[in-house]
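S.K.: what's the 3D shape of this:
(one chain, ligands or ions: 1)
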Amino acid sequence: MTMSNISLQDRKIGDHAIVMGASIAGLLSARVLSDYFKNVTVIERDKLNDRPENRKGQPQAGHGHGILPSAMAILNRYFPGLGDAVNESGGVMADLGSSFIWYVLGGYRKPFESGLLLTLASRGNLEWQIRRRLLEIPNVSLLDEHRVVGLMTSEGKTGVSGVRAVNLRSNDTETEVRGELVVDALGRESGAPRWLEAMGYDAPQLNSVEVDFGCASRIYERQKGDLGGASMLVINPGPMPNLRCGLIFPIEGDRWVVTLAGWNGDHPQADDAGFLGYARSLPAPDLYDTIVDREPLTQIGVFKVPAVRRFRYDKLDSLPEGFLAVGDAVCSFNPTFGQGMASAVMQADVINTAIGQHRNIKGIGKDFFARTAKIIDVPWKLSTSGDFQFPGTRGKKPFGTDLLNAYFDRVQKATHRDVVVHEAFLKVMNLSAPPISLFKPGIVRRSLLGRKN
Ligand SMILES: Cc1cc2nc3c(=O)[nH]c(=O)nc-3n(C[C@H](O)[C@H](O)[C@H](O)COP(=O)(O)OP(=O)(O)OC[C@H]3O[C@@H](n4cnc5c(N)ncnc54)[C@H](O)[C@@H]3O)c2cc1C
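M.R.: Numbers count the residues shown, from 1 in each chain. This is a model prediction of the structure:
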């Protein structure tokens, strides 16, 4: 045994960890846990092939996805060379300040070199690149085509001791997989809150905001000169009563994903005329002009988000031992700022911090969920404040939201002319600066008094 093997063995704190769900949150959680457990098993309902592809378990994956620089930096730390590989496979790294046409509230954000590079690739490609690297780790194994149907509880009901899953390859026979730690990365449809309650544990409180958001996407050929050479386009909704937005993101194979979306039931239709008509109705013409005379390469795929949801595991008085949850399983946002994957990645990284500090999985739940709640707070507040701009959004609106939105509109408008405000905004969007940084006197002055740069 080499010295490095010995030191890795020394770090192991358990025999077996189970990760439920093999999407972005699950893949990174498994990578983190492979440093601490002798064996890690990832259980996934879909069949996972060794190639890039969007799959049934992620109906959102066919819509425009980009991964923020803050999240890519974490992924590159666990999977060295990942970003370069995505790039080499035809993905695009685009500067959020200079390669991005972003229309918001009556104007385009003023371009500048931000150094913040958004990674754009199909979701299937991004995950395949991560998955194949994960599965090269000798103590990680994958149990695909297995649907998790429940959790197992330890004797004396002090914690979670494994999962129950049905084998979709063999007549739905049920299997039990035991482990000392179970991580829920099952996404927005996770049954874990229900399963925990059924076993006699407290269920986490659910905060929900009804947004009635719907999107439709299709793929087009990417041609030289599109978007005047820019790498991507976003057209935000507004001013009211416009509830519609659209985006064009590049993916490998010289293609564009074109996504149209709207809130409060104002959804794009999934037929040719409806799709184009919706594109024409956006507040700026760039998206429509790009696709109007072009043959689409695919049919239109739709996805609906009736409500955004946040489970407050962090507020539970007592948590079952051996259970953690990450990603959309804890909190799913509307995709306005594209922060869902970044939040998931940051939460999975906290598993490393929490286990690294405690050197034990016993009792880490409280600390883990307290830390991840702080990460989730920012995108949750940013996106739900945005949702409450729309009159049909239903839910508990935090005090001061309207005032915050009014100021936020001023910040957005200031980005049309002022790169200092634009840069401050991008850092908040990238989750690398707190929203409070937009209230620094210099930014407030520039946003409210209209100082030009
Ligand atoms: C239209 C749209 C656009 C978006 N754009 C962006 C973007 O640009 N940038 C960004 O960062 N985020 C974006 N998001 C958010 C992002 O898609 C999610 O935050 C992210 O997918 C969450 O990852 P996850 O691993 O937590 O869950 P998911 O990706 O939902 O994965 C859950 C996994 O669990 C599996 N699973 C579910 N149930 C079971 C079961 N019972 N047994 C076994 N396996 C099961 C599923 O098959 C799946 O593999 C967007 C979302 C939408 C809706």
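S.K.: Mind listing residues that contact the helix or strand that S29 is a member of?
M.R.: Assessed by DSSP states H and E, S29 sits inside helix 24-33. For helix 24-33, the external contacting residues (CB atoms under 8 Å, 6 or more residues apart in numbering) are 17, 19-20, 22, 40, 42, 44, 74-75, 78-79, 126-127, 130-131, 134, 137, 140, 181, 183, 185, 187, 324, 326-329, 341, 344-345, 347-349, 351-352, 355. Bear in mind the C-beta positions are built from the backbone N, C-alpha and C, glycine included.
S.K.: Select only the buried ones of those residues in PyMOL?
M.R.: Burial among the contacts of helix 24-33 is assessed by 16 or more other CB atoms under 10 Å; the matching PyMOL selection reads:
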select buried, resi 17+19+20+22+40+42+44+74+75+78+79+126+127+130+131+134+140+181+183+185+187+324+326+327+328+329+341+344+345+347+348+349+351+352+355
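S.K.: Same list, the contacts of helix 24-33, but only the ones touching the ligand.
M.R.: M20, A22, E44, A185, G187, G327, D328, A329, M341, A344 (CB under 6 Å from any ligand atom).
S.K.: Is the last one in a helix, a strand, or coil?
M.R.: Think A344. helix (DSSP: H, G, I helix; E, B strand; the rest coil).
S.K.: returning to that earlier point: which ones among the contacts of helix 24-33 map onto helices?
M.R.: In this view, the contacts of helix 24-33 that belong to helices under DSSP state H are 74-75, 78, 126-127, 130-131, 134, 341, 344-345, 347-349, 351-352, 355.
S.K.: ok, and the closest non-adjacent residue to V209?
M.R.: Leaving aside its chain neighbours, V209 sits nearest to G395 (3.5 Å; criterion: CB to CB, 6 or more residues apart in numbering).
S.K.: residue contacts, the one you found?
M.R.: Listed by CB under 8 Å, 6+ apart, the contact partners of G395 are N207, S208, V209, E210, A307, T384, D387, F388.
S.K.: Swap in 10 Å and give it another go.
M.R.: If you count contacts by CB atoms under 10 Å, 6 or more residues apart in numbering, G395 has them with N207, S208, V209, E210, V211, A307, V308, T384, D387, F388.
S.K.: Need the pLDDT of it.
M.R.: G395 is assigned 97 on the pLDDT scale.
S.K.: Equivalent analysis for I251, please.
M.R.: With respect to pLDDT, I251 has a value of 97.
S.K.: again, but for G386
M.R.: 92.
S.K.: so which strand or helix has it?
M.R.: helix 364-387.
S.K.: what's that helix packed up against?
M.R.: The contact analysis (3 or more CB pairs under 10 Å, 6 or more residues apart in numbering; DSSP states H and E) places helix 364-387 against strand 205-221, strand 301-312, strand 323-325, strand 331-332, helix 340-358, helix 401-414, helix 419-429.
S.K.: can you rerun that using 8 Å?
M.R.: Counting contacts by 3 or more CB pairs under 8 Å, 6 or more residues apart in numbering; DSSP states H and E, helix 364-387 is packed against strand 205-221, strand 301-312, strand 323-325, strand 331-332, helix 340-358, helix 401-414.
S.K.: Buried ones in stretch 296-309, by neighbour count?
M.R.: So, applying 16+ other CB under 10 Å, buried residues of stretch 296-309: P296, I300, G301, V302, F303, V305, A307, V308, R309.
S.K.: want to throw the residues you listed into a markdown table with distance to the ligand and pLDDT?
M.R.: Putting those into a markdown table (distance: CB to the nearest ligand atom, whole Å; pLDDT from 0 to 100) gives the following:
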| residue | distance to the ligand | pLDDT |
| --- | --- | --- |
| P296 | 18 | 98 |
| I300 | 13 | 97 |
| G301 | 10 | 96 |
| V302 | 10 | 97 |
| F303 | 5 | 95 |
| V305 | 6 | 95 |
| A307 | 12 | 97 |
| V308 | 10 | 97 |
| R309 | 12 | 97 |
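S.K.: Relative to G274, which of the residues you listed is nearest.
M.R.: Comparing the buried residues of stretch 296-309 against G274 with CB to CB places I300 closest, at 8.6 Å.
S.K.: Would you map out the domains in the protein?
M.R.: The record assigns the chain these domain ranges, following automatic domain parsing: 3-58+76-86+124-207+308-385, 90-122+209-305, 397-449.
S.K.: Now do the shortest one: distance to the chain's middle.
M.R.: Its chain's C-alpha centre and that of domain 397-449 lie 22 Å apart, by CA atoms, centre = their mean, to the nearest Å.
S.K.: Ok, stretch 77-95 next?
M.R.: 17 Å.
S.K.: Among the buried residues of stretch 296-309, list the two that are farthest apart in space.
M.R.: That would be P296 and R309, which, of the buried residues of stretch 296-309, are the farthest apart (CB to CB) at 32.3 Å.
S.K.: Run a quick neighbour tally on the spatially closest residue to A348 that is not a sequence neighbour.
M.R.: In this structure, A348 finds its nearest non-sequential neighbour in L28, 3.9 Å apart by CB to CB, 6+ apart. When counting by other CB atoms under 10 Å, one arrives at 30 neighbours for L28.
S.K.: And L28, how far from the ligand?
M.R.: To the ligand, L28 is 9 Å away according to CB to the nearest ligand atom, to the nearest Å.
S.K.: Report pLDDT for the residue of the stretch 351-453 of the chain found nearest the ligand.
M.R.: In the stretch 351-453 of the chain, the residue found nearest to the ligand is P379; the distance is 9.1 Å by CB to the nearest ligand atom. Per-residue pLDDT puts P379 at 95.
S.K.: Below-threshold pLDDT in the protein: ranges please.
M.R.: 1-10, 451-453 (pLDDT under 70).
S.K.: what pairs with V163 across the strands?
M.R.: Taking DSSP bridges as the rule, V163 bridges to L151, V177.
S.K.: separation between it and K38?
M.R.: 18 Å (CB to CB, to the nearest Å).
S.K.: again with R51
M.R.: The value you get for R51 to K38, if CB to CB is used, is 30 Å.
S.K.: Which one of these two is surrounded by more residues?
M.R.: K38 (13 against 9).
S.K.: Quickly find the element holding the more buried one.
M.R.: strand 37-43.
S.K.: about what we covered before: mind checking which of the ones next to the ligand among the contacts of helix 24-33 are in strands?
M.R.: Taking DSSP state E as the definition of strands, these contribute M20.
S.K.: Closest one of the ones next to the ligand among the contacts of helix 24-33 to W263?
M.R.: D328 (18.9 Å).
S.K.: Surely that closest one touches A344?
M.R.: Yes: the pair D328 / A344 is scored as a contact, 6.9 Å apart, by CB atoms under 8 Å.
S.K.: could I have stretch 255-271 exported to PDB, CA atoms only?
M.R.: Only the C-alpha atoms of stretch 255-271 are listed here, as PDB (Å, rounded to 0.1, in the frame of the first residue of the first chain):
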ATOM      1  CA  ARG A 255     -26.700  24.000 -32.000                       C
ATOM      2  CA  TRP A 256     -28.900  26.400 -30.100                       C
ATOM      3  CA  VAL A 257     -31.400  25.500 -27.500                       C
ATOM      4  CA  VAL A 258     -34.200  28.100 -27.700                       C
ATOM      5  CA  THR A 259     -36.400  28.300 -24.600                       C
ATOM      6  CA  LEU A 260     -39.600  30.400 -24.200                       C
ATOM      7  CA  ALA A 261     -41.200  30.700 -20.800                       C
ATOM      8  CA  GLY A 262     -43.900  32.500 -18.900                       C
ATOM      9  CA  TRP A 263     -45.400  32.900 -15.400                       C
ATOM     10  CA  ASN A 264     -48.900  32.700 -14.000                       C
ATOM     11  CA  GLY A 265     -50.200  30.400 -16.700                       C
ATOM     12  CA  ASP A 266     -49.100  32.500 -19.600                       C
ATOM     13  CA  HIS A 267     -47.200  29.500 -21.100                       C
ATOM     14  CA  PRO A 268     -45.800  29.100 -24.700                       C
ATOM     15  CA  GLN A 269     -47.700  26.600 -26.900                       C
ATOM     16  CA  ALA A 270     -46.000  23.400 -28.200                       C
ATOM     17  CA  ASP A 271     -47.000  23.900 -31.900                       C
END
